[in-house]
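>>> requesting a structural model of the entry that follows:
(chains A and B)
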Amino acid sequence: MPTVNLTYREALRACIIEEMEADQNVFLMGEDIGRYQGTFRVTQGLFDKFGPKRIIDTPIVEPGFTGIAIGAAMTGLRPVIEMMTMSFSILALDQIINHAAKIHYMTGGQAKVPLVVRGPGGAANQLSAQHSHSMEGWYAHTPGLKVVAPATAEDAYGMLRTAIHDDNPVIFTENPGLYGVKGDIELNSGFSVPFGKARVARQGTDVSLIAYSRMVSVCEKAAEELEAQGIKCEVIDVRSLLPLDTETIFGSVAKTHRAVVVYEDWKSGSFGAEIAARIGEQCFDELDAPVARVGGLNVPMPYSRVLELECIPNEANVIEAVQRLS
Amino acid sequence: MKPNQESPADLELYYRQMVQIRAFENRCNAVYRAGKAGGYLHVYIGMEATAVGWINSLKIGWDYVITAYRDHAHPMLMGSDPVKLMAEIMGRKDGYSHGKGGSMHLYDIEKGFFGGWGIVGGHTPLGAGLAFGSKYKGEDRVTLNFLGDGAANAGVFFETLNMAALWELPCIFIIENNEFAMGTRLEYHAADTELAKRGYPFGMKHERLDGMDVLQVRQDAKRIVDWVRKNQKPYLVEVMNYRFAGHGAADNDRQLYRTKEEEDKAQHRDPIERMEHYLLKNNVMSEEKMEAIREEYETWADEVMEKADASPHPDPSEVYDHVYTDMEPEKGH
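Numbering: from 1, shown residues only, chains lettered A, B, ... in the order given. Prediction:
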C-alpha cells in the first residue's frame, strides 16, 4: 500500500472515505459539511463523492441533529457527526450526556449507540470566548462516553477508524491548530490505533511531560530546549482520555519521578487535573516533587491575540514549570 | 361512541387491553406505596384508549415506538412480558434493564419499544432518529413518537419537527394532551393551546384528535399509520385525553392545580366506562362478562406483582455492567 504524506485534516478525510466505502451504515451529519465542504474543510469533496443521502447538511441545531443521530445509531447505523466547533456541542450536552452516554446502561445492554461526535476543540486564532472551548474534560467526566484527542495525523487517521468501529458513543476532539500538521499515512491498510493506549512521544529520564492533542507538540518543543539545559524530558501523548492508559503514565513517572501535566483547557477542574490527581494518588512513593500542572488561564478566552496567547500554555510555561521542579 | 366496523373479537381485545393496563397501573401505585418501587413513577390511568388505539395500528416487531416516562402501557401493548416490566419498576434483576432503568426507563428493543425517557422533550429527536434509520435502510417501518403537552414547548422538539419535515421522516408525533405539564395547566404553559398547530410551520400534516374513545382513536390511528407507511412522511397529532391520576405516584396534591369537581367531571370521559357502555348498549358483551374480565385482570395483576416481587435485587457487583459494550469504567469510590 502506498504511504502518503497527509495533513491531519486530510488524514481524517481519508479515514472517513475508507470507512464509508466499507460500510453503507456509516454516514455524516453536521452543519455545512456537505455543499459548503465543512468549515475546517475536513469533509471537503465528500458531498460530491457520496451524495446527500450520506453527507447530510443539517440546520444549525446541535441538540436536534445530535438526537436524531443517536436515534439512528440505535437502529444500527453508524453516524459520524461534526460539531462545527466543540464549543457548540454545549448545546447538545443533554443529548450527549443525558441520553447517548446512558442508553446502553439504562437499557440493561439492550441498545447500543455507535456514534462519533467529532470536531475542533480548543482555541484557534482569535475566535474569542464562545468558540474556543476545550470540551474534552466535560465529556471525559462522563461514564458511558469514550473520549480521544489525537495529536498527530497518523493517530487522527488510526483513531477515527477505531471510533467509527466502536459500539459506544465516542467524542473525538481535534484541536484546530493541528489540522495542518503532516504525517505519513499508509492508506487502505486498515491501520487503526486502539483506545486506552498512550504513546511515548519522546523518551527521557528526568521529568514526565503528560499531554494530549496540540499540547503534545508544545511539550516536545519544550523538551528540546530543556535538553540543551541538561534536563531530559519524557513526553507522554495521552491521546485517549477515556479510557485512560494509566499504566504508561505511571510507568513513566516511576522512571522520571517528576510529572508535569500540560493541557489547554481551563486549569481548574479539568481532565488534566484528574490525571494529576491520579498520579498523586497512585505514584506518591515514586515522586520526588509534587505533581505540577500547566493549564489554560481560568478566564473566558479573550479576543485580542496578545491576551489569547497569554491564556494558552506555551513552551515557556512548560519550561518554567519543569525548572520549578528541579 | 363512534359506530364501528370492528369485529366483536377486536372490541373485546381493546376492552381487555384497557382493563389490563388499568389493573397493572393500580398495582404500580400499590407497589410504590408499599415502598417496593422508588424514585418517580407515572401511571397511565385515564389515558388507556390512546395507547391502545395507536399501538394496535402498528406491525408489532417491525414498527418503532418511543415515549417519555409515562411508559408502562406502551410496551405491554407491544407484547412485552408484564412480569419483566413490573420487575424493572421494582428495580429487580429480572427487569428488562436488570434494575438499571426503573419505571421511567423501560425498554424492549426486540419488540421495537425504545423507551422510556426522563427529560421532557429530550427523546423526541431520538424518535425521529429511529425513523431516519428505517428510511435510510429503505424499510417501510413507522415510528410512533409519543410526548406530552408539556414537551410540546421544548426547543429540541421544534428542531426535530423541522428536520422530520425537511427530511420526510416516517414518524408520527403524538402529543398526548392530558391538559397538564406536571402541575401546570395547558393555558398556563402554552401560548397557543391548540398544540396540533405545532405541525403547521413545518408544512407537516397535523390534526387534533380524540383520545378517550378507543374506537375513534383506533380508526384515526389506522388511517394515519397507513398514510405514513405509504407516503414515508411525518405526521403530527394532538390527542386529547386526561390523566386521572396525579403526575407521578408522589403527586398527592392534585387540588393545587385542579378541582375535585373537574376530576369528577372528567370521570365521565373514562375510556373504560365509555367502552363498557358501548359494549352493553350494542349487545356485544354482558355486564357479567365485563365483570368477569375485570376480575380476571385483578387476579392477573396480583400474580404479576407477586412474580416480580420474587425476583432478586441485583447483586452489587452488577453496578459496572453495561456502562460500555466492551470495557468497564474506572472502579471504586
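>>> closest point of chain A to chain B, which residue?
A:Gly71 (1.8 Å; CB to the nearest CB). Using the backbone N, CA and C atoms, a C-beta is placed for each residue, glycine as well.
>>> so what's that residue up against?
B:Ile66, B:Phe114, B:Pro125, B:Leu126, B:Gly127, B:Ala128, B:Gly129, B:Leu130, B:Ala131, B:Phe132, B:Gly133 (CB atoms under 8 Å, 6 or more residues apart in numbering or on different chains).
>>> A:Asp167 too?
For A:Asp167, the contacting residues are A:Lys112, A:Val113, A:Pro114, B:Thr325, B:Asp326, by CB under 8 Å, 6+ apart.
>>> do A:Gly272 as well
A:Gly272 sits in contact with A:Gly137, A:Val261, A:Val262, A:Tyr263, A:Asp265, A:Arg293, A:Gly295, where contact means CB under 8 Å, 6+ apart.
>>> hey, C-alpha coordinates of the one helix or strand the first one maps to in CSV?
Under DSSP states H and E, the secondary-structure element containing A:Gly137 is helix A:136-140. Output for helix A:136-140, consisting of C-alpha atoms alone and laid out as CSV, is shown next (Å, rounded to 0.1, in the frame of the first residue of the first chain):
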residue,chain,number,x,y,z
GLU,A,136,-12.9,17.1,26.4
GLY,A,137,-12.8,17.3,30.2
TRP,A,138,-16.6,17.7,30.3
TYR,A,139,-17.0,14.6,28.3
ALA,A,140,-14.2,12.5,30.0
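>>> neighbours around B:Ile60, how many?
14 (other CB atoms under 10 Å in any protein chain shown).
>>> who are the contact partners of the closest residue to it other than its chain neighbours?
What sits nearest to B:Ile60 in space, not counting adjacent residues and going by CB to CB, 6 or more residues apart in numbering or on different chains, is B:Met78, at 5.4 Å. Going by CB under 8 Å, 6+ apart, B:Met78 touches B:Ile55, B:Leu58, B:Ile60, B:Val65, B:Asp108, B:Lys111, B:Gly112, B:Phe113.
>>> residues contacting the residue of the stretch 151-300 of chain B found nearest chain A?
Residue of the stretch 151-300 of chain B nearest chain A, by CB to the nearest CB: B:Glu159 (2.9 Å). For B:Glu159, the contacting residues are A:Pro59, A:Val61, A:Pro63, A:Gly64, A:Phe65, B:Pro125, by CB under 8 Å, 6+ apart.
>>> which residue ranges of the stretch 201-333 of chain B form strands?
B:205-210, B:235-240 (DSSP state E, counting those that start in this stretch).
>>> dump those strands to JSON lines, plus mean pLDDT.
What follows is those, written out as JSON lines (pLDDT from 0 to 100):
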{"stretch": "strand B:205-210", "mean pLDDT": "97"}
{"stretch": "strand B:235-240", "mean pLDDT": "97"}
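>>> just name the most buried of those strands.
Most buried of the strands of the stretch 201-333 of chain B, by mean neighbour count (mean count of other CB atoms under 10 Å in any protein chain shown): strand B:235-240, with a mean of 24.
>>> near A:Gly183, how many other residues are there?
17.
>>> report the beta-bridge partners for it.
A:Leu6 (DSSP bridges).
>>> picking that back up, and of the contacts of A:Asp167, the nearest to B:Asp270?
Of all the contacts of A:Asp167, B:Asp270 sits closest to A:Val113, with 40.1 Å by CB to CB.
>>> list the residues that contact the closest one.
A:Ile70, A:Ala73, A:Met74, A:Ala100, A:Ile103, A:His104, A:Asp167, A:Asn168, A:Pro169.
>>> can I have the buried ones of those as a ChimeraX selection?
Filtering the contacts of A:Val113 down to the buried ones (16 or more other CB atoms under 10 Å in any protein chain shown) takes a single ChimeraX command:
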select /A:70,73,74,100,103,104,168,169
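>>> looking at the contacts of A:Val113, which is nearest A:Val193?
When the contacts of A:Val113 are compared against A:Val193 (criterion: CB to CB), the nearest one is A:Asn168, at 16.3 Å.
>>> distance-wise, check that closest one relative to A:Pro243.
10 Å (CB to CB, to the nearest Å).
>>> hang on, the earlier thing: tabulate the strands of the stretch 201-333 of chain B (CSV), appending distance to A:Thr142.
Shown next, in CSV, are the strands of the stretch 201-333 of chain B (distance: least, CB to CB, whole Å):
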stretch, distance to A:Thr142
strand B:205-210, 37
strand B:235-240, 33
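>>> overlap in contacts, A:Asn168 and A:Pro243.
Looking at what touches both A:Asn168 and A:Pro243 (by CB under 8 Å, 6+ apart), the common residues are A:Lys146.
>>> in JSON lines, list the contacts of B:Met78 along with secondary structure and pLDDT.
Converted to JSON lines, the contacts of B:Met78 look like this (DSSP: H, G, I helix; E, B strand; the rest coil; pLDDT from 0 to 100):
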{"residue": "B:Ile55", "secondary structure": "helix", "pLDDT": "98"}
{"residue": "B:Leu58", "secondary structure": "coil", "pLDDT": "98"}
{"residue": "B:Ile60", "secondary structure": "coil", "pLDDT": "97"}
{"residue": "B:Val65", "secondary structure": "strand", "pLDDT": "98"}
{"residue": "B:Asp108", "secondary structure": "strand", "pLDDT": "98"}
{"residue": "B:Lys111", "secondary structure": "helix", "pLDDT": "98"}
{"residue": "B:Gly112", "secondary structure": "coil", "pLDDT": "98"}
{"residue": "B:Phe113", "secondary structure": "strand", "pLDDT": "98"}
